[in-house]
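K.L.:
Quick one, fold the following:
(one chain, ligands or ions: 3)
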Amino acid sequence: MSDGITAASLPYVSPMQAPPSPIRTDWTRDEVAALIALPFPELLFRAQSVHREHFDPSEMQISTLLSIKTGGCPEDCAYCPQSAMHEDGGVKASRLMAVEAVMKEARAARDAGAARFCMGAAWRSPKEHDLETVCAMVEGVKSLGMETCVTLGMLDNSQAHRLRDAGLDYYNHNIDTSPEYYGEIISTRTYQDRLDTLANVRDAGINVCCGGIVGMGEDENDRAGLIAALASMPRHPESVPINMLVRVEGTPLAKKDAARKDGAEVDPIEFVRIIAAARITMPTSRVRLAAGREDMNDEAQTLCFLAGANSIFYGEKLLTTPNPAASRDMRLLQRLGMHTSGV
Ligand code: SAM
Ligand code: DTB
Ligand code: SF4
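P.N.:
Ligands and ions are numbered 1, 2, ... in the order given. This next block holds a predicted model:
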């Protein structure tokens, strides 16, 4: 380029100077289904247009996950290797990590460039003394200058307030799938239980991280129902993780034909459509391309980014399953000319 203008110095362009799309919280399943079914070029154009109204399309937020208490969970989520209810036992149960050990991992994540540190515990809900320890972890990680997120199962109102007082930025609690399909996946707590926890988190003034999983044998209607349920919350979750099911040996969903009647994997193009629908319906939320990237090629991930995903989990492990190596992710972002957001 001439005159000293480089691609990096050019502002990104908002398509036409159209009025900004309204933030709607009344999305219906039919409307979301119609979006998902749009011709792909039209769907991606709409998703990109909305994305550019609120975000720099070249920016990627990166969060690092740590399992602070692994396995032995009394819940029966059919996708999860940490449930003690599955016949094959899943992963080995361990105790809650010590605060200093968590700090060590958080420092390493910060030094590798992560802006947010997410700590997950395989609990139905936290016990009193464990919550105290988690509050100390939140305070410690925040003192490193990172955003904090925890996912500890169900919370009552006072537990949510205690986490808020410790300075917690985000609480992750997923609705996982459509209200109708939910009962096929989890029997030990209800969809309403999840909504109650989310209401407690909101009431405490903590940002909500809430999303779901694609590839559990749900049909198109359920996928539209998942996005419609998120997008019709009175306030959209600030972070929306969209996970592709990671099939883990020993879980009820591990067998392909258990997860989908025709035995097929989720079509990556179909997955991109779900991401685009999340972006269009929740314009200001961070849409995270969450679990499942290890099994996606760079091109499928790139389409997800073009559809509006602007956050990933970074580091070679999710909670218990593999995630792409940091070097692979950095190479991809470099190839795409994208940059990570600062803390
Ligand atoms: N026990 C807590 C809870 O369920 O609220 C927190 C941890 S749980 C592992 C967090 C989320 O990870 C689940 O709600 C689910 O959406 C996602 N997840 C778990 N196992 C998964 C898998 N095998 N594939 C994709 N996503 C998964
Ligand atoms: C979310 O939606 N995905 C993350 C995070 N929230 C806690 C967890 C994915 C877990 C994948 C299976 C595992 O590694 O155990
Ligand atoms: Fe337990 Fe959470 Fe896994 Fe369900 S998803 S079994 S609640 S760790």
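
K.L.:
immediately after the longest strand anywhere in the chain, which helix or strand?
P.N.:
Ranked by residue count and defined by DSSP state E, the top strand of the chain is strand 59-69. For strand 59-69, the following helix or strand on the C-terminal side (DSSP states H and E) is helix 99-111.

K.L.:
List the buried residues in that following helix.
P.N.:
V99, V102, M103, E105, A106, A109, R110 (16 or more other CB atoms under 10 Å). To be clear about C-beta, it is placed using only N, CA and C from the backbone, and glycine gets the same treatment.

K.L.:
Let me know the closest of those residues to I242.
P.N.:
Closest approach to I242 among these (CB to CB): A109, at 21.8 Å.

K.L.:
right, and the closest one touches M119 too?
P.N.:
No. With contact defined as CB atoms under 8 Å, A109 does not reach M119; the gap is 10.7 Å.

K.L.:
shared neighbours of those two, anything?
P.N.:
Applying CB atoms under 8 Å, 6 or more residues apart in numbering, one finds that A109 and M119 are jointly contacted by L66.

K.L.:
ok, back up a step: tell me which strands the longest strand of the chain pairs with, and in which orientation.
P.N.:
strand 116-121 (parallel), strand 311-313 (parallel), strand 339-340 (parallel) (DSSP bridges).

K.L.:
how far does that strand sit from the chain's center?
P.N.:
Offset of strand 59-69 from its chain centre (CA atoms, centre = their mean, to the nearest Å): 10 Å.

K.L.:
picking that back up, among the buried residues of helix 99-111, which one lies nearest to P81?
P.N.:
Checking the buried residues of helix 99-111 against P81 with CB to CB, the nearest one is E105 at 20.0 Å.

K.L.:
what sits against the closest one?
P.N.:
L66.

K.L.:
And it, how close does it get to P252?
P.N.:
30 Å (CB to CB, to the nearest Å).

K.L.:
go on, A78?
P.N.:
As judged by CB to CB, A78 and P252 stand 4 Å apart.

K.L.:
What of S327?
P.N.:
S327 is 34 Å from P252, by CB to CB.

K.L.:
who's more crowded, the two?
P.N.:
P252 (19 against 9; other CB atoms under 10 Å).

K.L.:
tell me which element the more buried one falls in.
P.N.:
Short version: P252 belongs to no helix or strand, going by DSSP H and E.

K.L.:
Check whether stretch 152-167 comes into contact with ligand 2.
P.N.:
No. Applying CB under 6 Å from any ligand atom, one finds stretch 152-167 separated from ligand 2 by no less than 10.4 Å.

K.L.:
Now do that stretch: everything it contacts.
P.N.:
73, 75, 120-121, 123-126, 131, 134-136, 138-139, 142, 148, 150, 171, 173, 189, 193-194, 196-197, 200-201, 203-206.

K.L.:
With stretch 313-324 instead?
P.N.:
Contacts for stretch 313-324 (CB under 8 Å, 6+ apart): 62-65, 67, 70-71, 81-82, 91, 109, 112-114, 118, 120, 246, 248, 288, 290-291, 293-294, 325-326, 329.

K.L.:
mind redoing it with 6 Å?
P.N.:
Stretch 313-324 is contacted from outside by 62-65, 67, 81, 91, 114, 120, 246, 291, 293-294, 325, 329, using CB atoms under 6 Å, 6 or more residues apart in numbering.

K.L.:
Now do the end-to-end distance for that stretch.
P.N.:
Stretch 313-324 has an end-to-end distance of 9 Å (CA to CA, to the nearest Å).

K.L.:
Give me the buried stretch members for that stretch, please.
P.N.:
Quick answer for stretch 313-324 (16+ other CB under 10 Å): F313, Y314, G315, L318, L319, T320, N323, P324.

K.L.:
does ligand 2 sit close to it?
P.N.:
Yes. Using CB under 6 Å from any ligand atom, stretch 313-324 reaches ligand 2 at L318, L319, T320, T321.

K.L.:
Strands - which of the residues you listed land there?
P.N.:
Per DSSP E, the subset of the residues of stretch 313-324 next to ligand 2 in strands is empty.

K.L.:
rewinding a little: which among the contacts of stretch 152-167 are in contact with ligand 2?
P.N.:
The residues of the contacts of stretch 152-167 that also fall near ligand 2, by CB under 6 Å from any ligand atom, are G120.

K.L.:
Narrow the contacts of stretch 152-167 to those that are buried.
P.N.:
The buried subset of the contacts of stretch 152-167 - by 16+ other CB under 10 Å - is 73, 75, 120-121, 123, 125-126, 131, 134-136, 138, 142, 148, 150, 171, 173, 189, 193-194, 196-197, 200-201, 204, 206.

K.L.:
List the ones among the contacts of stretch 152-167 that fall in helices.
P.N.:
Residues of these located in helices (DSSP state H): 131, 134-136, 138-139, 142, 193-194, 196-197, 200-201, 203.

K.L.:
got a markdown table for those residues, with distance to A47 and pLDDT too?
P.N.:
Below are the ones in helices among the contacts of stretch 152-167 laid out as a markdown table (distance: CB to CB, whole Å; pLDDT from 0 to 100):
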| residue | distance to A47 | pLDDT |
| --- | --- | --- |
| L131 | 39 | 98 |
| V134 | 36 | 98 |
| C135 | 38 | 98 |
| A136 | 40 | 97 |
| V138 | 34 | 98 |
| E139 | 38 | 97 |
| K142 | 33 | 97 |
| D193 | 32 | 97 |
| R194 | 27 | 98 |
| D196 | 32 | 98 |
| T197 | 29 | 98 |
| N200 | 32 | 98 |
| V201 | 27 | 98 |
| D203 | 32 | 97 |
